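[1] how does the following fold in three dimensions:
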Amino acid sequence: MIVHCFFEQSGTFKNEFKKLGYQAYDYDILNDFGETDNIIDLFSEIEKAYLGEKSLFDTIKKEDLIFAFFPCVRFTRRMIFNFTRSGAGHKKFTDIEKLEQNIRYFDEMNYLYALISKMVIVCLRKELKLIIENPYHQDHILSQFWHIKPKVIDMDRTKRGDDFKKPTQYWFINCEPKNNIIMEAYSIGRGKTINNTHNKVERSLINKAYAERFIKEFII
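    Modelled structure (predicted):
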């Protein structure tokens, strides 16, 4: 099995897979951490694959695994505040400005919703194994308006060693979570929350202790 980590620049999951003896590679259009093995426009590759054109997906085998950390910025609870303009920063906006910006937000959300759906369709057509990671909450766009349900919902990541409690959900396509019992000792994470973490990149990161435990518990 070769693991293809989509939209993951940090190398966290890639490196934990490698420690466990698997080939693993990161794919992203950015390389802020110096860990991206394949700098590539994944959005374009998904669109091409969906249309039946030659794409990255042609190089991935059925025995491989795609682990996609799909961009979540337009699926989360913050979109409700964006649409209603209930935040303090929007008080000076005119109604026209608010409505114009809402149109842009809705178009972006619609584009990403279609794109993640196309990625799943491609994997279903090609019988490729896919795991998708995204934040979890009841107001999440995918929680409310996607008929595919997550197989794993982690309500407190610190219990698996992460620094953030941040609830996270995982969809398993063409594969099932293993639900292994892990007897190894580990340290409870620090319990940081996104509300007291101002760095946007840091808020999205999962630490290596959690990655290792998740892989052992649900994937291998």
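[2] hey, where'd the helices end up in the protein?
    12-19, 42-50, 78-84, 95-126, 141-145, 200-204, 208-214 (DSSP state H).
[3] in this protein, which helix or strand is least confident?
    For the chain, using mean pLDDT, DSSP states H and E, the weakest element among its helices and strands is helix 200-204, scoring a mean of 56.
[4] now render the helices of the chain as JSON lines, adding mean neighbour count and distance to K62.
    Heads up, the C-betas are built off the backbone N, CA and C, glycines and all. Formatted as JSON lines, these follow (neighbours: other C-beta atoms under 10 Å; distance: least, C-beta to C-beta, whole Å):
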{"stretch": "helix 12-19", "mean neighbour count": "20", "distance to K62": "18"}
{"stretch": "helix 42-50", "mean neighbour count": "19", "distance to K62": "15"}
{"stretch": "helix 78-84", "mean neighbour count": "14", "distance to K62": "35"}
{"stretch": "helix 95-126", "mean neighbour count": "15", "distance to K62": "8"}
{"stretch": "helix 141-145", "mean neighbour count": "16", "distance to K62": "25"}
{"stretch": "helix 200-204", "mean neighbour count": "13", "distance to K62": "30"}
{"stretch": "helix 208-214", "mean neighbour count": "21", "distance to K62": "23"}
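[5] mean pLDDT lowest for which of the ones you listed?
    Sorting the helices of the chain by mean pLDDT places helix 200-204 lowest, at a mean of 56.
[6] how about Y22: what's its closest non-neighbour residue?
    Nearest non-adjacent residue to Y22, counting by C-beta to C-beta, 6 or more residues apart in numbering: V3, 5.6 Å away.
[7] let me see the contact set for the residue most central in space within the chain.
    Per C-alpha atoms, centre = their mean, the C-alpha nearest to the average position across the chain is that of F69, at 2.5 Å. By C-beta atoms under 8 Å, 6 or more residues apart in numbering, the contact set of F69 is C5, F6, F7, E8, E133.
[8] what do you get if the cut-off is 10 Å, keeping everything else the same?
    Counting by C-beta atoms under 10 Å, 6 or more residues apart in numbering, F69 makes contact with 5-10, 12-13, 26, 28, 131-134, 204, 206.
[9] residue contacts, the nearest residue to K178 once chain neighbours are set aside?
    Leaving aside its sequence neighbours, K178 sits nearest to F218 (C-beta to C-beta, 6+ apart; 5.4 Å). Contacts for F218 were tallied using C-beta under 10 Å, 6+ apart; they are 131, 151-152, 154, 170, 172, 175-180, 182.
[10] are any of those residues buried, and which?
    I131, K151, V152, D154, Y170, F172 (16 or more other C-beta atoms under 10 Å).
[11] can I assume the third one is in contact with N134?
    When you say that, I think you mean V152. No - contact between V152 and N134 fails when scored by C-beta atoms under 10 Å: they sit 11.5 Å apart.
[12] shared neighbours, those two?
    With C-beta under 10 Å, 6+ apart, V152 and N134 have common neighbours T168, Q169, Y170, W171.
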